[in-house]
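Enquirer: model the following, please.
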Amino acid sequence: MKIGNIEFPDRPLFLAPMEDVTDIGFRRLCKQQGAQMVYTEFVAAEALVRSVRSTVDKLTIADDERPVGIQIYGRDVDAVVEAARIVESQAHPDIIDLNFGCPVKKVAGKGAGAGMLRNIPLMLEMTRRVVDAVKTPVTVKTRLGWSHDDLVITTLAEQLQDCGIQALTIHGRTRAQMYTGEADWSLIGEVKNNPRIHIPIIGNGDITSIAEADAAFDRYGVDAVMVGRATFGCPWFFNREQLTLTEKMRLLREQLRINIERLTVDAQQRNDARGLESAELRGILHTRRHLAATPIFKGIPDFRQTRIAMLRANTLDELIPILDEAERRVMELEKQTE
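Expert: Below is the predicted model:
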């Protein structure tokens with residue numbers, strides 16, 4: 001399977017773009033653990049055009065995470081086109097992905113993300129103009145439709161392909177469903193099996209294990225599977241070999257180190273004294289989300305207070321002893337289950 005000039009092995013697994021989740025530390029670990037493609041957090045086109053610092057920071061990518069995609073969203077065509085040009089010239093990603101699938105109210109309710117499913121002509125105009133504006137391969141991520149009364153994906157896939165995109169990711173829900181109910185992969189399979197479709201089709205939705213991903217490849221014939229929520233706190237999701245609890249704990253520590261290091265280096269390069277002062281806290285805040293979600297602490301008796309302390313820690317001096325204690329208890333649990 002190829003996207004542009006990027007060749008992927010058989011049955012590739014992709015890490016989905018997720019706001020407040022797919023920071024650089026998490027992406028690098030997922031890539032290290034077997035993800036074939038990773039994506040940044042969502043980049044708001046209008047904020048990027050205005051050079052909002054928090055948005056510009058999302059463009060930072062590392063060579064060891066390539067191939068990497070940067071996903072853009074917005075409702076104004078000119079802003080999205082300009083943002084795509086900025087992304088290409090400043091970050092040099094392997095792929096530029098257009099977000100026509102985010103269902104949250106603050107995005108879709110304003111006509112961006114999945115909100116574009118209510119204005120297909122505008123979606124197609126935006127796609128064509130971005131494809132024409134950049135040399136980087138352009139891809140799209142979207143949903144089945146706005147609602148079950150408006151399942152447009154089979155027709156929309158052909159229209160987007162005609163705009164020049166080089167791959168299409170489909171989440172098997174409508175915008176109305178948000179993340180409720182079960183993902184319906186049948187229409188994803190229908191798109192893939194359409195003889196007029198020649199671009200790669202990437203399936204997404206409710207994949208919670210590699211076994212489920214393999215089943216989706218077998219049943220629906222998709223070219224790749226994208227995994228989102230099941231990776232929270234689990235960068236080892238993509239590893240087909242079973243890691244020990246101790247090895248998983250070390251990966252979470254490594255994520256913390258990478259996040260703080262990246263924020264520190266960025267601040268130093270900008271001579272940003274305030275950014276340098278806050279790098280430790282911001283790195284901890286990024287990593288705490290994964291510490292809160294990771295399943296490796298499940299089964300440890302009376303762990304609630306330790307978890308609360310972990311999520312309240314604001315300095316390494318506070319957090320490291322808590323992680324040390326958590327790792328000690330994880331190792332005890334591992335010995336008991338041997």
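Enquirer: which parts of the stretch 51-200 of the chain are strands?
Expert: 68-73, 95-100, 138-143, 168-171 (DSSP state E, counting those that start in this stretch).
Enquirer: Serialize those to TSV and add fields for mean pLDDT.
Expert: Listed next are the strands of the stretch 51-200 of the chain as TSV, based on pLDDT from 0 to 100:
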stretch	mean pLDDT
strand 68-73	97
strand 95-100	98
strand 138-143	98
strand 168-171	98
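Enquirer: mean neighbour count and distance to residue 229 added to these, as TSV?
Expert: C-beta: built from backbone N, CA, C; applies to glycine. Formatted as TSV, the strands of the stretch 51-200 of the chain follow (neighbours: other CB atoms under 10 Å; distance: least, CB to CB, whole Å):
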stretch	mean neighbour count	distance to residue 229
strand 68-73	27	16
strand 95-100	25	16
strand 138-143	26	15
strand 168-171	28	11
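Enquirer: quickly find the element holding the residue lying closest to residue 314 once chain neighbours are set aside.
Expert: For residue 314, the nearest residue in space outside its immediate sequence neighbours is residue 281; the separation is 5.7 Å by CB to CB, 6 or more residues apart in numbering. Counting by DSSP states H and E, the secondary-structure element that holds residue 281 is helix 273-293.
Enquirer: which neighbouring elements make contact with the next helix or strand along the chain from that helix?
Expert: Using DSSP H and E, the helix or strand that follows helix 273-293 towards the C-terminus is helix 304-312. Counting contacts by 3 or more CB pairs under 8 Å, 6 or more residues apart in numbering; DSSP states H and E, helix 304-312 packs against helix 273-293, helix 316-337.
Enquirer: low-confidence ranges in this structure?
Expert: Across the chain, residues meeting the criterion (pLDDT under 70) sit at 337-338.
Enquirer: hey, where'd the helices end up in it?
Expert: Secondary structure of the chain (DSSP state H): helices at 24-32, 45-49, 53-56, 77-91, 105-108, 120-133, 153-163, 186-192, 210-220, 245-269, 273-293, 304-312, 316-337.
Enquirer: which elements pack onto the longest one?
Expert: Right, the one you point to is helix 245-269. The helices and strands touching helix 245-269, judged by 3+ CB pairs under 8 Å, 6+ apart, are helix 24-32, helix 273-293, helix 316-337.
Enquirer: quick one: contacts of it?
Expert: Contacting residues not belonging to helix 245-269 are listed as 23-26, 28-29, 33, 57, 60, 233-236, 243, 272-273, 275-276, 278-280, 282-284, 286-287, 290-291, 294, 296, 316, 319, 323, 326-327, 330-331, 333-334 [CB atoms under 8 Å, 6 or more residues apart in numbering].
Enquirer: domain assignment for the protein?
Expert: Using automatic domain parsing, the domain ranges for the chain come out as 2-238, 245-337.
Enquirer: could you say which of these is packed most deeply?
Expert: Here the criterion is mean neighbour count by mean count of other CB atoms under 10 Å, and of the domains of the chain the winner is domain 2-238, at a mean of 19.
Enquirer: residues contacting residue 47?
Expert: Contacts of residue 47 (CB under 8 Å, 6+ apart): 54, 55.
Enquirer: mind checking how far residue 89 is from residue 135?
Expert: 10 Å (CB to CB, to the nearest Å).
Enquirer: how about CSV for the strands of the stretch 51-200 of the chain, with distance to residue 4 added?
Expert: Shown next, in CSV, are those (distance: least, CB to CB, whole Å):
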stretch, distance to residue 4
strand 68-73, 11
strand 95-100, 7
strand 138-143, 9
strand 168-171, 14
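Enquirer: so for residue 218, which of those strands sits nearest?
Expert: Proximity to residue 218, assessed across the strands of the stretch 51-200 of the chain by CB to CB, is greatest for strand 168-171 (17.5 Å).
Enquirer: in its sheet, what does that closest one sit against?
Expert: Strands adjacent to strand 168-171 in the sheet, as given by DSSP bridges, are strand 138-143 (parallel), strand 201-204 (parallel).
Enquirer: which of the helices of the chain sits closest to residue 177?
Expert: Shortest distance between residue 177 and the helices of the chain, using CB to CB, is found for helix 105-108: 12.0 Å.
Enquirer: wait, what's in contact with residue 280?
Expert: Taking CB under 8 Å, 6+ apart as the definition, contacts of residue 280 comprise 260, 264, 315, 316.
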